[in-house]
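Asker: below is the structure, and that's it, no one-letter string:
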């Protein structure tokens, strides 16, 4: 329950208590009943908005998650690209790292296409970018390249599945 709903429920309870304290013949009874009706209408109006408010909250959370994953992906891929260009590693890693960089930038810049599976896609791409960067930095074996490629393939499969439905 949010603060707005709690405030509205308290208002309805207070107005109801005010009506209960008055007798139907009292001077302020009609005004108290009218205020109770207005408070109840405000509560019902807010209750009708709750599903939309929850959807908006989930969308904001999803946006933050995707942008965070995109930032991780961009950082890992950018570090790998720089290392591949100026470091003692092969430029061949750019084949994996440049698409990871572009995909991460896309995640940071484009939020209008966020679907429920975008967090899963972002997580797979971020882990793949970090894995590709670790391989390029020679931290882990080159065999981990297959895992990075498999993660990107899975991310594209999830994205394609989302478009097909």
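Answerer: Structure received. Because the structure is a prediction, the values reported are computed rather than measured. Residues are numbered from 1 along each chain as shown.
Asker: next, the buried residues of stretch 142-150.
Answerer: For stretch 142-150, burial by neighbour count (16 or more other Cβ atoms under 10 Å) applies to 145, 148. Glycine gets a C-beta too; all of them are placed from N, C-alpha and C.
Asker: and what of stretch 86-94?
Answerer: 89, 93, 94.
Asker: for the residues you listed, which one is nearest residue 143?
Answerer: Of all the buried residues of stretch 86-94, residue 143 sits closest to residue 93, with 14.2 Å by Cβ to Cβ.
Asker: hang on, the earlier thing: redo the buried residues of stretch 86-94 as TSV? Include secondary structure, distance to residue 153 and pLDDT.
Answerer: Converted to TSV, the buried residues of stretch 86-94 look like this (DSSP: H, G, I helix; E, B strand; the rest coil; distance: Cβ to Cβ, whole Å; pLDDT from 0 to 100):
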residue	secondary structure	distance to residue 153	pLDDT
89	coil	23	71
93	helix	18	71
94	helix	19	74
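Asker: got a pLDDT number for the nearest residue to residue 2 once chain neighbours are set aside?
Answerer: Counting by Cβ to Cβ, 6 or more residues apart in numbering, residue 53 is the residue found nearest to residue 2 once chain neighbours are left out, at 7.5 Å. pLDDT, residue 53: 85.
Asker: which of the helices or strands spans residue 53?
Answerer: helix 29-86 (DSSP states H and E).
Asker: after that helix, next one along is what?
Answerer: Next element after helix 29-86 (DSSP H and E): helix 94-109.
Asker: and the pLDDT for the residue nearest to residue 141 when sequence neighbours are not counted?
Answerer: Residue nearest to residue 141 in three dimensions, not counting chain neighbours: residue 135, with 7.5 Å by Cβ to Cβ, 6+ apart. pLDDT recorded at residue 135 is 78.
Asker: residue 135: what's it in contact with?
Answerer: Residue 135 is in contact with 93, 141, 142, 144, 145, 148, counting by Cβ atoms under 8 Å, 6 or more residues apart in numbering.
Asker: thank you kindly, that will do.
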